[in-house]
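> could you look at this predicted model? Sequence included:
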Amino acid sequence: MPAELAPEAALPSGADVARETPASPTAIDAREDLPAFGPRRALHPSIAGTDPVPRADREAPARGSSARRQPDLFAASDAEAAAADGAPASIAELVIAWQRTHGRHHLPWQNTRDPYRVWLSEVMLQQTQVSTVLGYYKRFLARFPDVRALAAAPLDDVLALWSGLGYYSRARLLHRCAQVVVAEHAGAFPATSAGLEQLPGIGRSTAAAIAAFCFGERVAILDGNVKRVLARVLAFDVDLASGAEQKRLWQHATDLLPAAGIERYTQGLMDLGAGVCHVRTPACTACPLRVRCAAAASGEPERYPFKTRRLRRGTREAVWLQLEWRGSIWLVRRDAKGVWGGLWSLPEFASAAEFDAATHGWPGSATVRPSFTHVLTHLDWTLHPVRWVLPEATAEAAVSRIVDAWPSGRWFANDAAPAAGIPAPLRRLLEEG
Ligand code: SF4
């Protein structure tokens, strides 16, 4: 069954991180001091992290200095030193120390300060597993090695390379963003999170991740995984669907930032969210934050984060027309908005009756192919493909009358269609013959 990843199902597995349990006598000593945090209380100083320091902290490199500075992004920080000297460790110190020994260090988009590469990986990783992204990332960089190459490419080429990664609006915005960076910023990404956030498709958390990794900006991320980690650590027992509560969590995330070592801290939070603090079964015994985690102390960490508005899944069915003539297949461009936005796909009918009415009197013959259900985040979509081969001798005028029903369509040679920007389930269908 083809499946597009649901956000929660897309979490990387524990295989992406080391499995050892961190040993930290300091952290264990601190367990008894665990405060019972509620979201409406002021944060206890020990959990609130270190005091904010000016942006020009010791770890931050000069902006845009990727060519001048060796990317030792995770050099030992004062925070790690503090954690090691016997003082009670803050959340940031625990995360930083853990990331050093247990985090991920060799993913292809790490160990670089190139904003193009970091941006590309951040967009690809939104709601997609690391193991899935690896191949796409490599192919993308081979085809579009820099932002200018991506901006100059036809959108169809970008969508074709994205095919199978899902959430296609990401690909369209990626392409648009590259064009804006080239046209309005002379090919250089802005060097601040505030500047990055102005670009198409770059939200606050993505902007912060790029700014932290590439420019050393001391700024908080709050993607889905990190939201879960922090909501649990703080026992944030309010609905994160509320904009006001999200804002408060952003403030907490900012308050927790370390004075130095933003790169390792940011990566550490990502690693914890991806490989330890799982949605349904958080591995608290392997987590460096267990001594500071109010949700773990409650015995029911999986209760957090609270969600009162649950996504309601729907179902839908459609007949898919695989129309062929003289070695070509008719594909239609889907609307930019909605499922598979902007991709080439098969003409659709909402029901068998609608299909029968539209195809009444057509020359040729139909073959019903096996139905399948495509699983989307919000929808189970059952598709019933029907292959219709028009006789070779059918006059062009007669064929035109048939396909005129889909003005956004065109013929693709059968062997070229799988390489176009088409949805992964269609590619599989065509490859099956
Ligand atoms: S202790 Fe458990 S619930 Fe708390 S952050 Fe760690 S894995 Fe998540």
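Noted; the coordinates are in hand.

> what average pLDDT does the helix or strand containing residue 226 get?
Following DSSP states H and E, one finds residue 226 within helix 224-233. Regarding helix 224-233, the rounded mean pLDDT is 96.

> that helix vs the ligand: in contact?
Yes - between helix 224-233 and the ligand, judged by C-beta under 6 Å from any ligand atom, the touching residues are 229, 232, 233. Quick note: C-beta positions are derived from backbone N, CA and C, even for glycine.

> now, which of those residues sits nearest the ligand?
residue 232 (4.0 Å; C-beta to the nearest ligand atom).

> so the closest residue to that closest one other than its chain neighbours is in which element?
In this structure, residue 232 finds its nearest non-sequential neighbour in residue 295, 3.7 Å apart by C-beta to C-beta, 6 or more residues apart in numbering. Secondary structure from DSSP H and E places residue 295 in helix 294-298.

> then the following helix or strand past that helix to PDB, C-alphas only?
Next helix or strand after helix 294-298 toward the C-terminus (DSSP H and E): strand 314-325. Output in PDB follows, covering the C-alpha atoms of strand 314-325 (Å, rounded to 0.1, in the frame of the first residue of the first chain):
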ATOM      1  CA  GLY A 314     -11.400  11.200   6.000                       C
ATOM      2  CA  THR A 315     -11.800   8.800   3.100                       C
ATOM      3  CA  ARG A 316     -12.200   9.400  -0.600                       C
ATOM      4  CA  GLU A 317     -12.400   7.300  -3.700                       C
ATOM      5  CA  ALA A 318     -11.700   8.100  -7.300                       C
ATOM      6  CA  VAL A 319     -11.500   6.400 -10.700                       C
ATOM      7  CA  TRP A 320      -8.100   7.000 -12.400                       C
ATOM      8  CA  LEU A 321      -8.000   7.100 -16.200                       C
ATOM      9  CA  GLN A 322      -4.800   5.700 -17.700                       C
ATOM     10  CA  LEU A 323      -5.500   6.900 -21.300                       C
ATOM     11  CA  GLU A 324      -3.000   5.700 -23.900                       C
ATOM     12  CA  TRP A 325      -2.600   6.300 -27.600                       C
END
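
> sheet-wise, list the partners of strand 314-325 with their directions.
Next to strand 314-325 in the sheet, as set by DSSP bridges, lie strand 328-333 (antiparallel), strand 348-349 (antiparallel), strand 379-390 (parallel).

> nearest to residue 299, of those?
With C-beta to C-beta, the closest approach to residue 299 among the strands paired with strand 314-325 belongs to strand 379-390: 34.5 Å.

> quick one: buried residues of the closest one?
381, 383, 384, 385, 386, 387, 388, 389, 390 (16 or more other C-beta atoms under 10 Å).

> pull out the buried residues from stretch 334-343.
334, 339, 340, 341, 342, 343.

> name the helices or strands packed onto the helix or strand hosting residue 161?
Using DSSP H and E, residue 161 sits in helix 155-162. Secondary-structure packing of helix 155-162 (3 or more C-beta pairs under 8 Å, 6 or more residues apart in numbering; DSSP states H and E): helix 130-143, helix 169-185.
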